[in-house]
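In: the sequence and its predicted three-dimensional model are supplied below.
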Amino acid sequence: MMYARTVLLILFLLAGLLSPPEVGAQGAEAARSPPRDAPAFSLEQNYPDPVNSETWIPFNLDTSLFTSREEVSVTMRIYNILNQVIAIPEAAEHPSGRGTRINNLGYADPGRKFAYWDGRDQAGRQVPSGVYYVQLVVDDVPDTRKLVVLNTPRRRRILPW
(Lines give C-alpha, C1' and ligand atoms only; values in the text may rest on other atoms or scores of the structure.)
Protein backbone atom coordinates (compact mmCIF):
# COMPACT_ATOMS: atom_id res chain seq x y z
CA MET A 1 0.00 0.00 0.00
CA MET A 2 2.84 2.34 0.87
CA TYR A 3 4.53 1.58 -2.47
CA ALA A 4 1.35 2.33 -4.40
CA ARG A 5 1.20 5.83 -2.94
CA THR A 6 4.86 6.41 -3.71
CA VAL A 7 4.42 5.23 -7.29
CA LEU A 8 1.34 7.45 -7.69
CA LEU A 9 3.27 10.45 -6.39
CA ILE A 10 6.10 9.75 -8.82
CA LEU A 11 3.60 9.48 -11.70
CA PHE A 12 2.11 12.86 -10.85
CA LEU A 13 5.54 14.45 -10.65
CA LEU A 14 6.56 12.93 -13.99
CA ALA A 15 3.31 14.01 -15.59
CA GLY A 16 4.12 17.61 -14.84
CA LEU A 17 7.43 17.22 -16.65
CA LEU A 18 6.16 15.36 -19.71
CA SER A 19 4.33 16.94 -22.59
CA PRO A 20 0.92 15.84 -23.84
CA PRO A 21 0.63 14.47 -27.38
CA GLU A 22 1.32 16.89 -30.24
CA VAL A 23 2.92 19.52 -27.97
CA GLY A 24 6.20 20.99 -29.05
CA ALA A 25 8.72 23.12 -27.23
CA GLN A 26 6.31 26.06 -26.89
CA GLY A 27 4.37 24.37 -24.06
CA ALA A 28 0.81 23.26 -23.45
CA GLU A 29 -0.79 26.71 -23.68
CA ALA A 30 0.56 27.26 -27.17
CA ALA A 31 -0.73 23.85 -28.23
CA ARG A 32 -4.25 24.59 -26.97
CA SER A 33 -4.70 27.70 -29.07
CA PRO A 34 -5.44 26.70 -32.66
CA PRO A 35 -3.95 28.62 -35.59
CA ARG A 36 -5.80 31.81 -36.57
CA ASP A 37 -7.26 30.39 -39.76
CA ALA A 38 -8.28 27.08 -38.14
CA PRO A 39 -11.97 26.29 -37.63
CA ALA A 40 -13.41 27.05 -34.23
CA PHE A 41 -13.89 24.17 -31.80
CA SER A 42 -13.02 23.59 -28.17
CA LEU A 43 -12.32 20.68 -25.87
CA GLU A 44 -13.65 21.22 -22.35
CA GLN A 45 -12.47 19.67 -19.09
CA ASN A 46 -13.88 16.23 -18.40
CA TYR A 47 -16.12 15.55 -15.43
CA PRO A 48 -15.95 14.17 -12.89
CA ASP A 49 -12.31 15.09 -12.50
CA PRO A 50 -10.41 13.13 -11.26
CA VAL A 51 -11.86 10.09 -13.01
CA ASN A 52 -12.78 7.13 -10.84
CA SER A 53 -14.44 4.64 -13.16
CA GLU A 54 -16.06 6.70 -15.93
CA THR A 55 -16.07 10.23 -17.27
CA TRP A 56 -17.87 12.55 -19.68
CA ILE A 57 -15.83 14.73 -22.03
CA PRO A 58 -17.65 17.76 -23.48
CA PHE A 59 -16.55 19.53 -26.66
CA ASN A 60 -17.98 22.32 -28.82
CA LEU A 61 -18.23 22.52 -32.59
CA ASP A 62 -18.74 26.09 -33.79
CA THR A 63 -21.08 27.03 -36.64
CA SER A 64 -18.11 28.34 -38.67
CA LEU A 65 -17.03 24.71 -39.18
CA PHE A 66 -20.17 23.98 -41.22
CA THR A 67 -20.27 26.95 -43.62
CA SER A 68 -18.63 25.23 -46.57
CA ARG A 69 -19.51 21.56 -45.97
CA GLU A 70 -22.13 19.26 -44.53
CA GLU A 71 -20.00 17.26 -42.06
CA VAL A 72 -16.83 17.64 -40.03
CA SER A 73 -14.58 14.74 -39.12
CA VAL A 74 -13.97 14.32 -35.38
CA THR A 75 -11.54 11.95 -33.65
CA MET A 76 -10.97 11.62 -29.91
CA ARG A 77 -8.32 9.48 -28.23
CA ILE A 78 -7.04 8.87 -24.71
CA TYR A 79 -3.24 8.69 -24.39
CA ASN A 80 -1.00 7.67 -21.50
CA ILE A 81 2.09 9.65 -20.50
CA LEU A 82 4.17 7.60 -22.95
CA ASN A 83 2.02 8.91 -25.83
CA GLN A 84 0.43 5.50 -26.44
CA VAL A 85 -3.25 5.33 -27.44
CA ILE A 86 -5.13 3.74 -24.54
CA ALA A 87 -8.76 4.13 -25.62
CA ILE A 88 -11.17 5.77 -28.05
CA PRO A 89 -14.21 7.24 -26.25
CA GLU A 90 -17.80 6.74 -27.41
CA ALA A 91 -20.13 9.43 -28.75
CA ALA A 92 -22.88 10.04 -26.19
CA GLU A 93 -25.52 11.09 -28.71
CA HIS A 94 -24.92 10.49 -32.38
CA PRO A 95 -27.17 9.40 -35.27
CA SER A 96 -24.97 6.31 -35.73
CA GLY A 97 -26.21 4.99 -32.39
CA ARG A 98 -24.99 4.41 -28.87
CA GLY A 99 -21.51 3.00 -28.49
CA THR A 100 -20.13 4.56 -31.67
CA ARG A 101 -16.42 5.27 -31.21
CA ILE A 102 -15.24 8.79 -32.02
CA ASN A 103 -12.75 7.82 -34.69
CA ASN A 104 -13.17 9.89 -37.86
CA LEU A 105 -16.80 10.28 -36.89
CA GLY A 106 -18.83 12.74 -38.95
CA TYR A 107 -20.86 15.41 -37.18
CA ALA A 108 -23.45 17.27 -39.25
CA ASP A 109 -24.53 20.00 -36.83
CA PRO A 110 -22.78 22.48 -34.54
CA GLY A 111 -23.16 22.72 -30.78
CA ARG A 112 -22.03 21.11 -27.57
CA LYS A 113 -21.31 17.38 -27.86
CA PHE A 114 -20.34 14.76 -25.30
CA ALA A 115 -18.02 11.78 -25.32
CA TYR A 116 -18.12 8.96 -22.76
CA TRP A 117 -15.16 6.94 -21.50
CA ASP A 118 -15.62 4.03 -19.11
CA GLY A 119 -12.04 4.16 -17.78
CA ARG A 120 -11.02 1.00 -19.64
CA ASP A 121 -8.35 0.44 -22.24
CA GLN A 122 -8.94 -1.05 -25.69
CA ALA A 123 -8.63 -4.58 -24.26
CA GLY A 124 -11.40 -3.88 -21.73
CA ARG A 125 -9.16 -3.68 -18.64
CA GLN A 126 -9.53 -0.92 -16.04
CA VAL A 127 -6.67 1.56 -16.51
CA PRO A 128 -4.39 2.14 -13.52
CA SER A 129 -4.34 5.40 -11.59
CA GLY A 130 -2.27 8.08 -13.25
CA VAL A 131 -2.25 11.01 -15.64
CA TYR A 132 -3.69 10.61 -19.11
CA TYR A 133 -4.38 12.97 -22.00
CA VAL A 134 -7.54 13.32 -24.04
CA GLN A 135 -6.98 14.63 -27.56
CA LEU A 136 -9.71 15.96 -29.83
CA VAL A 137 -8.87 16.29 -33.53
CA VAL A 138 -11.31 18.19 -35.75
CA ASP A 139 -10.35 18.32 -39.44
CA ASP A 140 -6.70 17.52 -38.61
CA VAL A 141 -6.41 20.27 -35.95
CA PRO A 142 -5.68 18.85 -32.45
CA ASP A 143 -6.62 20.10 -28.99
CA THR A 144 -5.38 18.29 -25.88
CA ARG A 145 -6.29 18.27 -22.18
CA LYS A 146 -4.95 16.42 -19.18
CA LEU A 147 -7.16 14.07 -17.17
CA VAL A 148 -6.39 12.25 -13.94
CA VAL A 149 -7.55 8.74 -13.10
CA LEU A 150 -7.71 7.78 -9.41
CA ASN A 151 -8.85 4.23 -8.88
CA THR A 152 -9.54 3.44 -5.27
CA PRO A 153 -7.86 0.22 -4.17
CA ARG A 154 -10.12 -2.67 -3.33
CA ARG A 155 -10.06 -3.63 0.30
CA ARG A 156 -9.38 -7.25 0.93
CA ARG A 157 -11.33 -9.00 3.57
CA ILE A 158 -9.07 -10.78 5.99
CA LEU A 159 -10.59 -14.00 7.22
CA PRO A 160 -9.58 -15.29 10.67
CA TRP A 161 -8.70 -18.84 9.62
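Out: Arrived safely, thanks for sending. Numbering: from 1, shown residues only.
In: Three-state assignment for Thr144, please.
Out: strand (DSSP: H, G, I helix; E, B strand; the rest coil).
In: give me the pLDDT value at it.
Out: Note on Thr144: pLDDT of 95.
In: shift numbering so it begins at 690
Out: In the new count, where the first residue is 690, that last one comes out as Thr833.
In: tell me which helix or strand of the chain sits lowest on mean pLDDT?
Out: helix 717-721 (a mean of 48; mean pLDDT, DSSP states H and E).
In: dump the residue contacts of the residue most central in space within the chain.
Out: Centroid check for the chain by C-alpha atoms, centre = their mean gives Val823 as the closest residue, at 2.3 Å. Counting by C-beta atoms under 8 Å, 6 or more residues apart in numbering, Val823 touches 732, 735, 746, 765-768, 778, 806, 833-834, 836. In short, each C-beta sits where N, CA and C put it, glycine included.
In: look up how far Leu839 lies from the spatially closest residue to Val837 that is not a sequence neighbour.
Out: Leaving aside its sequence neighbours, Val837 sits nearest to Pro739 (C-beta to C-beta, 6 or more residues apart in numbering; 4.0 Å). According to C-beta to C-beta, to the nearest Å, Pro739 stands 4 Å off from Leu839.
In: ok, Gly795 next?
Out: Counting by C-beta to C-beta - Gly795 and Leu839 are separated by 34 Å.
In: next one: Arg801
Out: Distance from Arg801 to Leu839, by C-beta to C-beta: 26 Å.
In: and for Ser762?
Out: The value you get for Ser762 to Leu839, if C-beta to C-beta is used, is 33 Å.
In: tell me the pLDDT of Ala804.
Out: 95.
In: equivalent analysis for the one 3 residues further on, please.
Out: With respect to pLDDT, Asp807 has a value of 93.
In: just the strands in the chain please.
Out: Listed in chain order, the strands found in the chain under DSSP state E are 730-732, 744-750, 761-768, 774-776, 779-780, 794-796, 800-806, 819-827, 830-838.
In: so between Ser762 and Leu839, which is more surrounded?
Out: Ser762 (14 against 11; other C-beta atoms under 10 Å).
In: who does the more buried one bridge with?
Out: Gly795 (DSSP bridges).
In: my understanding was that it contacts Val830; is that so?
Out: No. Ser762 is not in contact with Val830 according to C-beta atoms under 8 Å; the separation is 10.6 Å.
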